[in-house]
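1. My questions are about this predicted structure, shown below with the sequence.
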Amino acid sequence: MLGLMQEQPLLISSLIEFAERHNGEVEIVSRRVEGDIHRYTYRDAAVRARQVANALDALGLAFSDRVATLAWNGYRHFELYYGVSGSGRVLHTINPRLHPDQIAWIANHAEDQVLCFDLSFLPLVQAVHSRCPTIKHYIALCAPDKLPADSGVPNLTSYESWIAAQSTQYQWPTFDENSASSMCYTSGTTGNPKAALYSHRSSTLHAYAAALPDVMCLSARDSVLPVVPMFHVNAWGIPYSAALTGCKLVFPGPAMDGKSIYELMETERVTYAAGVPTVWQMLLGHLKPNNLKFSTLKRTVIGGSACPPAMIAAFQNDYGVEVLHAWGMTEMSPLGTLCTLKNRQLALNADEQMKIRLKQGRAIYGVDMKIVDDAGRELPWDGKAYGDLLVKGPWIVREYFKGEGGNPLIKDEHGVQWFPTGDVGTIDADGFLQITDRSKDVIKSGGEWISSIEIENIAMAHPAVAMAACVGMAHPKWDERPIVAVVKRVGMDVSVAELLKFYEGKTAKWQIPDDVVFVDAIPLGATGKMLKTRLREQLKDYKLPTT
Ligand code: AMP
């Protein structure tokens, strides 16, 4: 017997329809590429998203055709999120930090038909358009008077004139909720990039989950600033969860420096922000010397890379801001775990609570996880056993777009399929995951694993250290020994001996790195993660100290 509830597919258009009807007056504020601040409401956004849908119809785009963006976080990008996906096309957000060759490669692989871009990325578009034969239309996200003359880009239209010509009336189509809604290529370090192809169902379920109190805890009381880019895993789903909850949205545009972010937080009374550790480092670097405090910020979700303990402590102790440490990946839409305490843990003292907060957190309903040994056997949840982390759930990839890379899933002894994350970690008895490494970055010394994240976190707690990356170096006796590459804070100094001494008492003696190498910068990838492969190449002539 089937239940007798109404059947309504989970479609992204339903989110913006809901926002328009129930929270239509709520503001969306954007710092624009033009430099000024733009304000309007969910109602305005919904109207313009419908114009986008009509404009795509007018171009003759078919169901599931891909529309690419090269854009910052802003209201026009938000309208594309809804106009493109809501009308049944697939939004392909491209990371503008990729190399032009990679951008051309993925635009061709995705067979993008339209490319919408912020004017900051005009040079990129000029560099790639002749290599992207599938793209028939270029839309610059600006008013017609800002459209550059003689850009050399074919079929170039301004976004404002493109949608102005369209009706504000549009009936969002109803279709299978498993239809593709958006796509994002992963920044893999080997092989061709692979795309996660999200569906309406996966994105809507993820939007529900992300808003839960033990996840991002988003509500209509919040003013939310997603610093995490809309070109990387849908800004962790915030543009969808925001429409679902009716929170105020504040978009930073291209100004990602600490001063600009701080100003926006204060003027727009931001209560909640989301970003990767490197961005928050810039923010804290602006606050401290200028003796500034937050007047409204209450919570920040930090993920994408391990959040250094020193950062969690600074936010909490110096600024009264709760840090929610999060873990996920492109293939997971991206949320997997979030670190919030359980009721029983509230009775623990501050130090014990902090130890928990450093972990990547607990699985969200919708995500299951386990750690396994090399033979695929599940390891105990004792907070000690390390293993490869496997996940499954309705917003986790089944396969990549066009089957790239073959079947990524592995079957366990019960025939259940799991996605191998490529991360290594522990899970404790309370279900808190702690990531110790990417599996390819694991350091094995004398048969024992050393967590490079732990070694980096300790270095980052030293006041003179701006950034630290730990890598293993071949060793004749121990196979590998860790060394730590360090970028010093401007105007501060520390010696190798001082830093090595700083490790004493903070980790087991045999885990203390053999050496510290000072570098000007740690190579970063397109999503701000440390590129250890490149760091290892840079250090290829390095020799470990012999004593
Ligand atoms: P991406 O698909 O580019 O978002 O990268 C996902 C990868 O980033 C994960 O598989 C982890 O290796 C890493 N990552 C994300 N969040 C965290 C975190 N909180 N701590 C440690 N690593 C993280």
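-> Yes, it's here. The model shown is predicted, which means the values in this text are computed figures rather than measured ones.

2. Get me the contact residues on the stretch 401-547 of the chain for the ligand.
-> T421, G422, D423, I435, R438, T527 (Cβ under 6 Å from any ligand atom). Glycine gets a C-beta too; all of them are placed from N, C-alpha and C.

3. how about 8 Å then?
-> T421, G422, D423, I435, R438, I453, G525, T527, K529 (Cβ under 8 Å from any ligand atom).

4. and those residues, which are buried?
-> In those, burial by neighbour count holds for T421, D423, I435, R438, I453, G525, T527, K529, counting by 16 or more other Cβ atoms under 10 Å.

5. Low-confidence ranges, the chain, go.
-> 187-190, 547 (pLDDT under 70).

6. re the thing from before, sitting in strands, which of the buried ones among the residues of the stretch 401-547 of the chain next to the ligand do you find?
-> T421, D423, I435, R438 (DSSP state E).

7. surely the first one meets V391?
-> Yes. When contacts are counted by Cβ atoms under 8 Å, T421 is listed as touching V391 (5.8 Å).

8. what sits in contact with each of these two?
-> Common contact partners of T421 and V391 (Cβ atoms under 8 Å, 6 or more residues apart in numbering): M332, G336.

9. Tell me the one among the residues of the stretch 401-547 of the chain next to the ligand nearest to Y365.
-> T421 (18.3 Å; Cβ to Cβ).

10. Spatially nearest residue to the closest one, not counting backbone neighbours?
-> When the adjacent residues along the chain are set aside, T421 lies closest to L389, with 4.6 Å between them (Cβ to Cβ, 6 or more residues apart in numbering).

11. Quick check, that neighbour in contact with T436.
-> No. L389 is beyond contact range of T436, at 9.8 Å (criterion: Cβ under 8 Å).

12. Compare these two (neighbour count), which wins?
-> Taking neighbours as other Cβ atoms under 10 Å, L389 and T436 compare with L389 leading, 27 against 22.

13. ok, now which ones touch that one?
-> L389 touches M369, K370, I371, P420, T421, D423, V424, G425, L433, I435, counting by Cβ under 8 Å, 6+ apart.

14. Would you report the backbone torsion angles of it?
-> Reported as degrees, to the nearest 10, the phi and psi values for L389 are phi -90, psi 120.

15. Let me see the contact set for the residue in the stretch 1-150 of the chain that the ligand sits nearest to.
-> Going by Cβ to the nearest ligand atom, the ligand is nearest to N95 of the stretch 1-150 of the chain, at 9.3 Å. Going by Cβ under 8 Å, 6+ apart, N95 touches Y185, S187, P229, F231, H232, A526, T527.

16. Which positions in the protein make contact with the ligand?
-> Counting by Cβ under 8 Å from any ligand atom, the chain sits next to the ligand at 186-187, 232-233, 302-307, 325-332, 334, 360, 421-423, 435, 438, 453, 525, 527, 529.

17. Show me these that map onto helices.
-> V233, I453 (DSSP state H).

18. Need phi/psi at E399.
-> phi -150, psi 170.

19. for A469, same thing?
-> phi -130, psi 130.

20. quick one, strands of the stretch 151-300 of the chain?
-> Residue ranges of the strands in the stretch 151-300 of the chain, as given by DSSP state E, counting those that start in this stretch, are 156-158, 180-185, 195-199, 223-226, 248-251, 272-275, 299-303.

21. Out of the ones you listed, flag the one nearest A45.
-> strand 248-251 (8.9 Å).

22. Any idea how far the closest one is from the middle of the chain?
-> Between the centre of strand 248-251 and the centre of its chain there are 17 Å (Cα atoms, centre = their mean, to the nearest Å).

23. about what we covered before: overlap in contacts, L389 and T436.
-> By Cβ under 8 Å, 6+ apart, the residues touching both L389 and T436 are V424, G425.

24. Could I get the full set of helices for the stretch 1-150 of the chain?
-> 12-23, 42-58, 75-86, 100-110, 122-128 (DSSP state H, counting those that start in this stretch).

25. who's in contact with the second one?
-> This points to helix 42-58. Outside helix 42-58, the residues that reach it (Cβ under 8 Å, 6+ apart) are 16-17, 19-20, 23-26, 28, 67, 75, 78-84, 86-87, 89, 114, 162-170, 172, 243, 246.

26. Buried subset of those residues as a ChimeraX selection?
-> Per 16+ other Cβ under 10 Å, the buried members of these correspond to this ChimeraX selection:
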select :16,17,19,20,23,24,26,28,67,75,78,79,80,81,82,83,84,86,87,89,114,162,163,166,170,172,243,246
